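Participant: Dropping the sequence and predicted coords here.
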Amino acid sequence: MATLLAGAPEFALAQASDAITAPSTTPSQTFRTDRPQPESGTVPSDGVGVFDRMGAKLPDLPPEKEYKGTVDEAFGAYQRGYYLTAMDKALPRAQLGDPSAQTLIAEILSQGLGVKRDMKNAAFWYGKAAEGGDPAAMFKYALLLMEGNNVKRDKAKADEYMRKAADGGNSSAEFNWAQTLVADNPGDKGLKLALPYYEKAAEQGVADAQYAVAQIYQQVPDIPEEKKRLAREWMARAARAGFDTAQLDMGIWLVNGVGGPKDYVHGFEWLKLAANRGNVVAQNKLAHLYINAIGTPPDPIEAAKWYVLSRRAGLSDPSLEDFYLGIEDSQQKAAIEAANKFRRIN
């Protein structure tokens with residue numbers, strides 16, 4: 001009888017569970033392929049083809065509304081790739097104290113766009129824009145203050161700007177400030193303090209934050225039940241964004257029935273995706289699924305291939321080693337050849 005794939009016993013942002021386990025079955029929205037079928041005797045319309053419309057007078061487009069807002073010529077030039085023009089138009093405004101223009105100059109200088117890269121002057125303008133309250137600049141300047149790059153290292157000031165940037169709606173700052181709260185407040189207290197910022201960053205599409213929200217919803221005590229029910233959906237969002245650790249945990253959750261019903265097939269698919277992207281833990285667990293025919297037909301050669309790949313990466317597993325030594329020499333050879341041909345998918 002196969003064992004279940006073990007999830008992480010404790011919450012960890014950067015690393016998923018390393019334990020071994022296996023089965024589960026459940027319909028998942030992620031890989032949904034069902035489509036509504038037409039009722040018996042009815043034929044769906046094919047619509048109007050291109051050739052049917054050729055020569056026909058199409059309705060006029062509605063008139064374009066006149067834009068009456070402020071035109072930012074500097075940023076417009078930057079978007080079109082005219083960096084020197086953007087610099088020329090932004091500099092007078094920056095010198096007069098315009099935070100958005102100061103941030104634009106800092107970006108051009110920090111990336112060396114059309115000019116020589118100059119991090120010292122970029123740091124100066126990020127600092128001025130941060131003082132003026134620009135969230136993007138406060139985030140960038142906070143990073144410089146943390147690292148001590150071209151500015152004096154100042155954690156207290158960095159934290160202040162990071163918090164202000166997060167409160168100003170900068171998604172990267174929201175995630176990083178949440179990370180700071182977790183680091184400075186160990187245990188559930190820090191996770192609960194950080195959760196509102198993780199949630200805001202997750203809503204803005206930050207995959208790492210979506211993963212954090214899923215883990216906190218699932219594992220931290222006293223989380224409202226309506227949020228716990230959303231844990232799997234947040235994990236799926238992070239997985240669909242290409243975050244391989246989320247793909248690993250999504251597979252484990254589906255196999256084990258964490259946060260919802262079990263689904264061996266889709267759990268297998270998520271683990272295979274993460275394994276093909278080079279996630280070593282996923283490669284290890286995929287070998288177990290192939291051995292125990294969980295979500296896939298049994299395949300000793302594929303199982304051995306994934307074990308060989310994970311072993312080469314330094315992940316030992318006595319039970320998989322016993323399995324590998326117990327298969328035929330020809331199967332071991334085929335598995336090694338398959339492992340040698342493996343190329344990770346980005």
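Facilitator: Arrived safely, thanks for sending. Numbers count the residues shown, from 1 in each chain.
Participant: what does the host helix or strand of residue 239 contact?
Facilitator: Here residue 239 is covered by helix 231-240, with elements defined by DSSP states H and E. Outside helix 231-240, the residues that touch it by Cβ atoms under 8 Å, 6 or more residues apart in numbering are 28-30, 202, 207-208, 210-211, 213-215, 217-218, 246-247, 249-250, 253, 258-260, 270. Heads up, the C-betas are built off the backbone N, CA and C, glycines and all.
Participant: Buried ones among the residues you listed?
Facilitator: Listed as buried from these are 28, 30, 202, 207-208, 210-211, 213-215, 217-218, 246-247, 249-250, 253, 258-260, 270; burial here means 16 or more other Cβ atoms under 10 Å.
Participant: Quick one: low-confidence residue ranges for the stretch 51-200 of the chain.
Facilitator: 51-58, 67, 69 (pLDDT under 70).
Participant: just to revisit the earlier point, let's test this: mean pLDDT of the following helix or strand past the helix holding residue 239, rounded?
Facilitator: Per DSSP H and E, the first helix or strand lying C-terminal to helix 231-240 is helix 244-256. Summarised as a single mean, pLDDT over helix 244-256 is 98.
Participant: Give the closest residue to residue 268 in space, chain neighbours not counted.
Facilitator: Nearest residue to residue 268 in three dimensions, chain neighbours excluded: residue 295, at 3.0 Å (Cβ to Cβ, 6 or more residues apart in numbering).
Participant: what about the one you found, which SS state?
Facilitator: Under DSSP: H, G, I helix; E, B strand; the rest coil, residue 295 falls in the coil class.
Participant: chain center to the helix holding residue 239: distance?
Facilitator: 9 Å (Cα atoms, centre = their mean, to the nearest Å).
Participant: For residue 313, list the residues it contacts.
Facilitator: 280, 283.
Participant: Any figure for the gap between it and residue 186?
Facilitator: From residue 313 across to residue 186, the span is 30 Å (Cβ to Cβ, to the nearest Å).
Participant: go on, residue 125?
Facilitator: Residue 125 is 37 Å from residue 186, by Cβ to Cβ.
Participant: Show me which of these two is the more surrounded one.
Facilitator: residue 125 (27 against 9; other Cβ atoms under 10 Å).
Participant: helices and strands around the helix or strand hosting that one, which ones?
Facilitator: Taking DSSP H and E as the definition, residue 125 sits inside helix 119-131. Contact partners of helix 119-131 among helices and strands, from 3 or more Cβ pairs under 8 Å, 6 or more residues apart in numbering; DSSP states H and E: helix 99-111, helix 135-147.
Participant: didn't residue 323 look like it was pressed against residue 303?
Facilitator: Yes: here residue 323 reaches residue 303: they are 6.9 Å apart, a contact under Cβ atoms under 8 Å.
Participant: Looking at these two, which one has more neighbours?
Facilitator: It is residue 303, of residue 323 and residue 303, that has more neighbours when counted by other Cβ under 10 Å, with 24 against 18.
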